[in-house]
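S.K.: structural data only, the sequence is not supplied:
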């Protein structure tokens, strides 16, 4: 990963002599994608790392970081400490001061240019900063208001911006309705072909249902392009009333295409999906917890949409609650998963767990895509005793430690 680094040298003694103690380490950083910067290039957007050469560098670091923060506000501070010359004591002192000033940061201790474990931790810290800065540059479209039942999951746009970074772009349902009416027949045909081409069957939906959801999908794609959105959340149930159709396919297709898309105008879950995707590269799924077994530490998740890139196969069904439109019944692979839920008045709380998908379901009294999960870390009881809200985000693989590290550094 491309990044910048700056050697932090004390104002006393010979600058060249002080810098010589980290010269081999800086050569290694350059070989791993780093570029030495100076304060005249503090507008550089790549993540920045400070290499603490010696003790006595604390005030120098604060001055450098003040200049950087003026051009790249919100960027966490990464300090590289090494074993000699009081580098670590200086790093501890200055990070304590930064944290007193509510500036997030991390010390990465690297023993030297051959310390692959330490350099690996540095790579992860740089990636964490890149995700944070990406979130600060993200535009999330909220199409319609959050659904009325999301009484704990409707943060103000200012809260989203302050805690997590993304800008919320409000888009009226009337704009979506107009975009739906403007979709060309050729786009509808292509959308139907894309939806049905790899499906294993179609139960309730009619050809008219398929055309309707293809029209919604094309309209949502147009809105994403028109507003330059990186993610989107849709008040999808309104479409059941106005058009007797659903947004399930549109949200699946957008997420597969790299535009993270959440249901029901749920900004909290959409940000959780976006965060997990940026940090791990995995496609995210948001779903309802439908069953919980405290004794077995298990739960069942279900929803009527899922990114098709996450499933082994899928079948086209109606939307469960309404019996209208098109829902996606996907078969999620068995195996390791990570679950998360954001929450709190300022979106400052996190529930995080790892587990295994042990079975899939097809119960007719639940949303169409269903999985049963046995937790291996985390406590399902917390969802009952101190819930953060309804929807849970799932990604494939065990990524709990990675997410936890980012959380502790950034929030």
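M.R.: Yep, that arrived. Because the structure is a prediction, the values reported are computed rather than measured.
S.K.: drop to CA atoms for contacts and neighbour counts, all remaining ones
M.R.: Fine.
S.K.: was I right about residue 270 contacting residue 264?
M.R.: No: counting by CA atoms under 8 Å, residue 270 stays clear of residue 264, with 9.9 Å between them.
S.K.: intersection of neighbour lists for those two?
M.R.: Residues touching both residue 270 and residue 264 (CA atoms under 8 Å, 6 or more residues apart in numbering) are residue 233.
S.K.: could you check which of the two has the larger neighbour count?
M.R.: Just comparing residue 270 and residue 264: by other CA atoms under 10 Å the higher neighbour count belongs to residue 270, 28 against 23.
S.K.: which element is the more buried one on?
M.R.: Taking DSSP states H and E as the criterion, residue 270 maps to helix 267-280.
S.K.: how far is the very next helix or strand once past that helix from where the chain is centred?
M.R.: Using DSSP H and E, the helix or strand that follows helix 267-280 in sequence is strand 284-293. In this view, strand 284-293 has its centroid 18 Å away from the chain centroid, taken as CA atoms, centre = their mean, to the nearest Å.
S.K.: same check, this time on stretch 227-237
M.R.: Averaging C-alpha positions (CA atoms, centre = their mean) puts stretch 227-237 15 Å from its chain's average.
S.K.: give the buried residues for it.
M.R.: By 16 or more other CA atoms under 10 Å, the buried positions in stretch 227-237 come out as 229, 230, 231, 232, 233, 234, 235, 236, 237.
S.K.: do stretch 310-322 as well
M.R.: Buried-residue list, stretch 310-322, by 16+ other CA under 10 Å: 310, 314, 315, 316, 317, 318, 319, 320.
S.K.: stretch 337-356 too?
M.R.: For stretch 337-356, the neighbour count (16+ other CA under 10 Å) marks 337-343, 347, 351-356 as buried.
S.K.: what's the end-to-end length of that stretch?
M.R.: Using CA to CA, to the nearest Å, one end of stretch 337-356 lies 6 Å from the other.
S.K.: I'd like the average pLDDT over it.
M.R.: Mean pLDDT, stretch 337-356: 97.
S.K.: so what touches that stretch?
M.R.: The contact list for stretch 337-356 (CA under 8 Å, 6+ apart) reads 152-153, 155, 159-160, 163-164, 268-269, 272, 334-336, 357, 373-379, 388-389, 391-400, 411.
S.K.: how far is it from where the chain is centred?
M.R.: 12 Å.
S.K.: which regions of the stretch 251-400 of the chain lie under the pLDDT threshold?
M.R.: The model of the stretch 251-400 of the chain has no residue with pLDDT under 70.
S.K.: tell me which stretches of it form helices.
M.R.: 267-280, 381-385, 400-410 (DSSP state H, counting those that start in this stretch).
S.K.: out of the ones you listed, flag the one nearest residue 86.
M.R.: Of all those, helix 400-410 sits nearest to residue 86, with 23.4 Å by CA to CA.
S.K.: and the closest one with helix 267-280, angle?
M.R.: On the basis of axes from the mean of the first three to the mean of the last three CA atoms, to 10 degrees, helix 400-410 is oriented at 110 degrees to helix 267-280.
S.K.: okay, now residue 327: neighbour count?
M.R.: Neighbours around residue 327, by other CA under 10 Å: 29.
S.K.: residue 59: which element?
M.R.: Applying DSSP H and E, one finds residue 59 within helix 58-71.
S.K.: pull out the buried residues from that helix.
M.R.: Buried, per 16+ other CA under 10 Å, within helix 58-71: 58, 61, 64, 65, 67, 68, 69.
S.K.: make a markdown table from these and add distance to residue 137 and pLDDT to it.
M.R.: Formatted as a markdown table, the buried residues of helix 58-71 follow (distance: CA to CA, whole Å; pLDDT from 0 to 100):
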| residue | distance to residue 137 | pLDDT |
| --- | --- | --- |
| 58 | 30 | 95 |
| 61 | 26 | 96 |
| 64 | 23 | 95 |
| 65 | 20 | 95 |
| 67 | 20 | 94 |
| 68 | 17 | 95 |
| 69 | 15 | 94 |
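S.K.: residue contacts, residue 220?
M.R.: Contacts of residue 220 (CA under 8 Å, 6+ apart): 176, 179, 250.
S.K.: any of those buried? List them.
M.R.: 176, 179, 250.
S.K.: spatially nearest residue to the last one (excluding sequence neighbours)?
M.R.: The reference is to residue 250. Spatially, and ignoring its direct neighbours in sequence, residue 250 is nearest to residue 217 (4.1 Å; CA to CA, 6 or more residues apart in numbering).
S.K.: hang on, the earlier thing: could you pick out the buried ones from the contacts of stretch 337-356?
M.R.: By neighbour count, with 16+ other CA under 10 Å, the contacts of stretch 337-356 hold 153, 155, 159-160, 164, 268-269, 272, 334, 336, 357, 373-375, 378-379, 388-389, 391-400 as buried.
S.K.: walk me through the domains of this structure.
M.R.: Domains of the chain are assigned by automatic domain parsing as 3-136, 139-410.
S.K.: first vs last residue of the longest one, how far apart are they?
M.R.: Across its full length, domain 139-410 reaches 19 Å end to end, with CA to CA as the criterion.
S.K.: alright, calling it a day.
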